[in-house]
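Trainee: predicted model follows, preceded by the sequence.
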Amino acid sequence: MNREPIRAWHLEKLAFVYLRQSSLTQVRRNTEGEERQRRMHDLIRELGWPEEQVVVLRGDTGNSGSSQHGREDYQRMLAAVLADQIGVIGAWELSRLVRDNQDWNQLVRLCRLRGVLLADEHRVYDPAVPQDRVLLGIQGAFNEYELAMITERMQQSRRQKAARGELYESFPAGYICRHAPLYEKHPDERVQRAIETVFTGFENAPSVLQLYRRLLKDGFQLPVVPHGQDWREVRWTTPRYQQLTEMLRNPTYAGIYTRGRCTTITVLDASGHPQKKRRRLTNREWEVFLENHHEPYISKETWQRNLQKIAANAHYQGAMTKSAPQNGSGLMAGLLRCRRCGYKLHAIYRAGKVSYVCRGGDPQRNAHGPSCFCFAATHIEEQLTEVILDAVSPAAVTAAALAAAELAAQRDQQRQLIVDRLEASREHETRAGREYKATDETYLTVRKCLAQEWEAALLATREQEQQLARFDQEHLQCLTDEQQQELQRLAKEVKRIWHHPSASMILKKQIVRTLIEEIVVDLEKPQNEIVLIIHWAGGHHTELRAPTPWRKRRNRSFDLKAIINTLRKVLSDDAIAGALNRQRLSDPDGATWTAQRVGDFRKQHRIAEHDVDTQQANGWMTQAQAATYLDISPMSMTRLVQSGIIPAEQPNPGFPTVIQLADLGIPRVTAVVSSLKTSPRRPLTHLLNQRNLFALQDFQ
């Protein structure tokens, strides 16, 4: 190895030896690679650096060299170069330092400025020498090219293996790979039943959330086989909502092998370093899609229905998703589509009644903002209910029989869950007893712990046996003969059951969504009617019409000049504008009132401006100011004004009142206020004929 670039001042500084392997798999399996890199330590000592000045960096082992981001030892080395503490940087292969050409050129540039040498197994490079700098530049370009080629070869091999359906990155719950290069169902029948329970339960559940709640209520558990371990080591855990969603979306359970359901994209973070993120792709973008690849748990059609059901139940995930049925009283919620703009209508609940409004596809738009139309749905939903019941009634008896069979199936399923837990508990009990008996009696401490574990397993088994006995006692027969006859009788009274107060609104909406695909709605103003076009699931169409219960507003005549002239005595222009807007009065041009518009109106009609000195001189005050002056509550003041005891000037109902200070000192007012203060438990009533609590004639 050449020693010409080495100077005496190089030997006075530190020598860094950088070790790195690209992945943890290489660290575990390719141990010779690390030993080969460690030989660089001996080469650096042979070049003249003493042992105490050689620093070995191996903290970046297991990290890729494609970027300097996330490699602490590499950052430490750069900091030492900038601090002029390093004389040489050694690596058995300089590509171990960095694989990115831009980062490589940055390192070479810093070493040239600080006089740091670079050394590999063949020679020592001086970045300050043009010939060495050219060689290092070429080597950096080849490092980046080599990484790209290695990555491409690996990805191509994986793609070829995936195209045959033989690349397994993970195994979903319920599948293992023992002998053949294909997925196969787990041989444990309890595992298979658990997976089937999830899919059969989702067929009867309105949404994944409802399924999740039902499984938690039944104490259901999902199997977990640790990746890379023996398939016999099955653990049972409580399912998570996201876990159930991924199971129902996974095409593997339909016997389909897929690859490329997600892709990795590279983005830059705030500091400019590349970051990798995962993005889910659509079904058409998947790289590999092989049907009939292995034994399925469900059919492809069932998997597709599950996807459609999950997508339809999503809230705020699309303009036309039905969303999951909720407990709201709106029977048509999620089914209505506007005939004008094509977007879904939104349900609004007020005072226990439902109305529907079309906001043009914008769920965040204010309900009072621009919209196609809105309508109250009480009468039209009553008509729809009659149509639904007429369609359901002929099949009610058949539905009752199916319901009885469904109840029996649910009972068997719940019982099987308890039996499975009992069998697992017995296996644990047997294993604990065998371990206790196989332990030598001289190991007293060990036998004591094993005895406690055995006793706990025995208690768990007894608890499961008692739970099974209680279940069999409570469900000795799914439906008695009397219950079956009652079910048949109720099948003929569908309308009474539908309108029963305890009937589930979610179940009603499920029935409606099963029968109806969508409802197109429009408001025909000339006829003043709501028009519904029902698209039934079978392809038929029905039209319903109902009159709109328009509420005609009372035409109240307002004298704006008189109102503003009265209010300006106690209120400023800004306060007057607020009072007019609260009463939904617009200015002569139809616009909302503002302080500027109130001022312009006053000037136009020669109305004086509000003045505090003038108000005090004339003794004008608001109702709140009068209550403060008399030291009584605002409610008492309101009742005194409404009963006419205190004279007040009010331009129109709903507007503020103006009270004269002189009117507060008349004998009648003084007597009432004195009585209120001395007898606070004698409230002033609105009704003049109720003399038992407060006799107004005493003060009139």
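Mentor: Happy to help now that I have it.

Trainee: gap between Trp303 and Phe289?
Mentor: Applying Cβ to Cβ, to the nearest Å, the value for Trp303 to Phe289 is 12 Å. To be clear about C-beta, it is placed using only N, CA and C from the backbone, and glycine gets the same treatment.

Trainee: looking at the two, which is more packed in?
Mentor: Trp303 (22 against 15; other Cβ atoms under 10 Å).

Trainee: what is whichever strand or helix holds that one packed up against?
Mentor: Here Trp303, judged by DSSP states H and E, is contained in helix 300-313. When contacts are defined as 3 or more Cβ pairs under 8 Å, 6 or more residues apart in numbering; DSSP states H and E, helix 300-313 packs onto helix 189-204, helix 241-249.

Trainee: just confirm Val55 is within a strand.
Mentor: Yes. Counting by DSSP: H, G, I helix; E, B strand; the rest coil, Val55 falls inside a strand.

Trainee: looks like it contacts Tyr18 (just checking).
Mentor: No. Counting by Cβ atoms under 8 Å, Val55 does not reach Tyr18; the two are 9.5 Å apart.

Trainee: who has more neighbours out of the two?
Mentor: Tyr18 (24 against 18).

Trainee: residue contacts, the more buried one?
Mentor: Leu57, Asp60, Asp73, Tyr74, Met77, Ile89, Gly90, Ala91, Arg96, Leu97 (Cβ atoms under 8 Å, 6 or more residues apart in numbering).

Trainee: could you look up the SS state of Leu532?
Mentor: Under three-state DSSP, Leu532 comes out as strand.

Trainee: who are the contact partners of it?
Mentor: With contacts defined as Cβ under 8 Å, 6+ apart, Leu532 is in contact with Ile380, Leu384, Ile519, Val520, Val521, Glu543, Leu544, Arg545, Ala546.

Trainee: list the buried residues of the helix or strand Val17 falls within.
Mentor: For Val17, the host element (DSSP H and E) is strand 14-18. Residues of strand 14-18 classed as buried by neighbour count (16 or more other Cβ atoms under 10 Å): Ala15, Phe16, Val17, Tyr18.

Trainee: just the mean pLDDT for that strand, thanks.
Mentor: Computed over strand 14-18, the mean pLDDT rounds to 91.

Trainee: just to revisit the earlier point, pull out the buried residues from the helix holding Trp303.
Mentor: Quick answer for helix 300-313 (16+ other Cβ under 10 Å): Thr302, Trp303, Asn306, Lys309, Ile310, Ala312, Asn313.

Trainee: what's the pLDDT at the last one?
Mentor: At Asn313, the model reports a pLDDT of 76.

Trainee: just checking, it touches Pro206?
Mentor: Yes. Using Cβ under 8 Å, Asn313 is in contact with Pro206, at 7.4 Å.

Trainee: mind listing what the helix or strand containing Ile265 pairs with, with the direction of each?
Mentor: In the assignment (DSSP H and E), Ile265 maps to strand 262-268. Using DSSP bridges, strand 262-268 pairs in its sheet with strand 274-280 (antiparallel).

Trainee: neighbouring contacts of the partner strand?
Mentor: Residues contacting strand 274-280 (Cβ under 8 Å, 6+ apart): Ser67, His69, Arg261, Cys262, Thr263, Thr264, Ile265, Thr266, Val267, Leu268, Asp269.

Trainee: tell me the angle of the helix ranked longest in the chain relative to helix 189-204?
Mentor: In the chain, assigned by DSSP state H, the helix with the most residues is helix 396-438. Angle, helix 396-438 to helix 189-204, by axes from the mean of the first three to the mean of the last three Cα atoms, to 10 degrees: 150 degrees.

Trainee: can you name the next helix or strand after helix 396-438?
Mentor: helix 444-474.

Trainee: returning to what we had before: angle of the helix holding Trp303 against helix 241-249?
Mentor: Using the same axes, to 10 degrees: helix 300-313 against helix 241-249 is 140 degrees.

Trainee: how far does helix 300-313 sit from its chain's centre?
Mentor: Relative to its chain's centre, helix 300-313 lies at 19 Å (Cα atoms, centre = their mean, to the nearest Å).
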